[in-house]
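Visitor: What would the 3D arrangement of this be:
(4 chains)
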There are 2 protein chains.
Amino acid sequence: MNIQLHNKKEAIFESTLHLIYEYGFRGTPMSQIANHANVATGTIYHYFASKDELILELFKYCREQTNEHIFSVDKNLPYKERFFFIWKRLVAYYLDHKEIFRFVEQFYSSPYFAIMQSSQDPSYYGVDKLHQFFEEGAKSGIIREMNFPTIVSVYIGPATSYIKNISYGFCKMTDSDRDNIIEIIWNGVKK
Amino acid sequence: MNIQLHNKKEAIFESTLHLIYEYGFRGTPMSQIANHANVATGTIYHYFASKDELILELFKYCREQTNEHIFSVDKNLPYKERFFFIWKRLVAYYLDHKEIFRFVEQFYSSPYFAIMQSSQDPSYYGVDKLHQFFEEGAKSGIIREMNFPTIVSVYIGPATSYIKNISYGFCKMTDSDRDNIIEIIWNGVKK
DNA sequence: TGCAACCGAATGAACATTCAATTGCACAAC
DNA sequence: GTTGTGCAATTGAATGTTCATTCGGTTGCA
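Guide: Take a look at the predicted model:
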């Protein structure tokens, strides 16, 4: 029974993700989501109070999924290696999960994000992790002192930009491109 | 008459921009756009065949506006200074025109972008300019050799990331943050 | 006189949401 | 181990609203 429940909810999530990837927020009616997930329209409303809530929950779902995958690094590795590793991991994850990437991008630049910010717990697991990680680097004198938004812009910005370039078909991806980018970032921030 | 026409069309553009900034694609009906622009609903259809076309044209409009403002640099300045100047100009422009930034972001991560790509002339004025600019730097040995998507990711990525951070209220902006970021980028790519 | 610009009420389709009815299952009673 | 009971899960047709788009008509200018 619990498994059933879990399955359906997840099926709804995945279908929403898939359809939004293809048709955007505007282009994906609840009925289509239901179809694609092999449930009745009404069933969605058993799990979610409204379409907005579905979207909001889906965002949380995505964030959890992503965080789970990215921050599994061997703490014993030298800092520089972890710096490279996490970044590549992030890029690889989003390239493997384009629907998630696209959805999250859309979510951020939509009014949903404002809604979420105002009504949510601020438990940004991923952000916390990153914060710690950069602080560690700065404190041990490996990278420059920078405030958090600065380093985040420099570390994450090129990653999302690169993923967009690929995901929107501007260019092909090569490992050496990625190596280049993270190396450039490192050159920029190392002490 | 031509001035009238221009005025109304532009009023429609600006209203759309404003409303989409606040309510997103989904939340801005044609009737509202008309209201806000002080024209009748039907008038919009005199200028645009459909809502989709309005959005598509608005994107072109935004791109033109942006390009006009950014690439006015004194060619005689040393390369490094131009490298800094263009970047700051870009950031400043988007911070001054948050609606444009938000709209373009939304546009890119929506299916509209795919539509545009398939049916459009590939005259990316801004992209061409950038391409030339980076090539110049690489040829004269001032910055490293990189393929275009790589350097774009590293140059533009942090800019948009930073603008998002501010625009979504994650942090306040200071000039020194920006100075920091572009300096880091420069350290990363210089030879 | 003609045509482009403009108007805004009317139309119809698309869609989110509701709801009355059905199913399936856990658990208690016997 | 059979039957009964209640509640969660599920269904999908019906409802009502919200729009994009249309259109017949008006205005104003060349």
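Visitor: Going by C-alpha atoms from here, please, whenever you check contacts or count neighbours.
Guide: OK.
Visitor: what's next to the helix ranked longest in chain A, contact-wise?
Guide: Ordering each helix of chain A by length in residues (DSSP state H) puts helix A:2-23 first. Contact with helix A:2-23 is made by A:27-28, A:33-34, A:36-37, A:39, A:44, A:47, A:58, A:99-100, A:102-103, B:110-111, as judged by CA atoms under 8 Å, 6 or more residues apart in numbering or on different chains.
Visitor: can you do 6 Å?
Guide: Under the contact criterion CA atoms under 6 Å, 6 or more residues apart in numbering or on different chains, helix A:2-23 has outside partners A:33, A:36-37, A:99, B:111.
Visitor: Distance of residue A:185 relative to residue B:158?
Guide: Per CA to CA, to the nearest Å, residue A:185 is found 10 Å from residue B:158.
Visitor: So between those two, which is more surrounded?
Guide: For residue A:185 versus residue B:158, neighbours defined as other CA atoms under 10 Å in any protein chain shown are more numerous around residue B:158 (29 against 24).
Visitor: can you give me phi and psi for residue A:190?
Guide: Dihedral angles of residue A:190 (phi, psi; degrees, to the nearest 10) stand at phi -70, psi 160.
Visitor: show me what contacts the closest residue in space to it that isn't next to it in sequence?
Guide: Excluding the flanking residues, the one nearest residue A:190 by CA to CA, 6 or more residues apart in numbering or on different chains is residue A:143, at 4.2 Å. By CA under 6 Å, 6+ apart, the residues touching residue A:143 are A:137, A:189-191.
Visitor: now do residue A:132
Guide: If you count contacts by CA under 6 Å, 6+ apart, residue A:132 has none.
Visitor: returning to that earlier point: so for the longest helix of chain A, what's the average pLDDT?
Guide: What helix A:2-23 shows for mean pLDDT is 84.
Visitor: quick check, it touching DNA strand C?
Guide: No - shown here: helix A:2-23 not in contact with DNA strand C (CA under 7 Å from any atom of the strand), separated by at least 8.1 Å.
Visitor: Tell me which helix or strand comes right after that helix.
Guide: For helix A:2-23, the succeeding helix or strand toward the C-terminus, using DSSP states H and E, is helix A:30-37.
Visitor: and the angle for that following helix with helix A:2-23?
Guide: Angle, helix A:30-37 to helix A:2-23, by axes from the mean of the first three to the mean of the last three CA atoms, to 10 degrees: 120 degrees.
Visitor: In helix A:30-37, which residues are buried?
Guide: For helix A:30-37, a neighbour-count test (16 or more other CA atoms under 10 Å in any protein chain shown) marks A:30, A:32-34, A:36-37 as buried.
Visitor: and what of stretch A:14-28?
Guide: So stretch A:14-28, judged by 16+ other CA under 10 Å, has buried residues A:14-22, A:24-25, A:28.
Visitor: Distance check, the residue of chain A found nearest DNA strand C against residue A:102.
Guide: Evaluated by CA to the nearest atom of the strand, chain A has residue A:29 as its residue closest to DNA strand C, separated by 3.1 Å. In this view, residue A:29 and residue A:102 are 18 Å apart by CA to CA.
Visitor: more crowded one of those two?
Guide: Comparing residue A:29 with residue A:102 by other CA under 10 Å, the one with more neighbours is residue A:102, at 24 against 14.
Visitor: Indicate whether stretch A:101-114 makes contact with DNA strand C.
Guide: No - Stretch A:101-114 does not reach DNA strand C (CA under 7 Å from any atom of the strand); its nearest approach is 13.5 Å.
Visitor: Report the contact partners of residue A:54.
Guide: Contacts for residue A:54 (CA under 6 Å, 6+ apart) come out as residue A:48.
Visitor: at 10 Å instead, please
Guide: A:12-13, A:16, A:30, A:44-45, A:47-48 (CA atoms under 10 Å, 6 or more residues apart in numbering or on different chains).
Visitor: Narrow these to those that are buried.
Guide: Neighbour counting over those (16+ other CA under 10 Å) leaves A:12-13, A:16, A:30, A:44, A:48 as the buried ones.
Visitor: which one of those residues sits closest to DNA strand D?
Guide: Closest approach between these and DNA strand D, by CA to the nearest atom of the strand: residue A:44, at 7.2 Å.
Visitor: Verify the contact between that closest one and residue A:55 for me.
Guide: No - contact between residue A:44 and residue A:55 fails when scored by CA atoms under 10 Å: they sit 11.9 Å apart.
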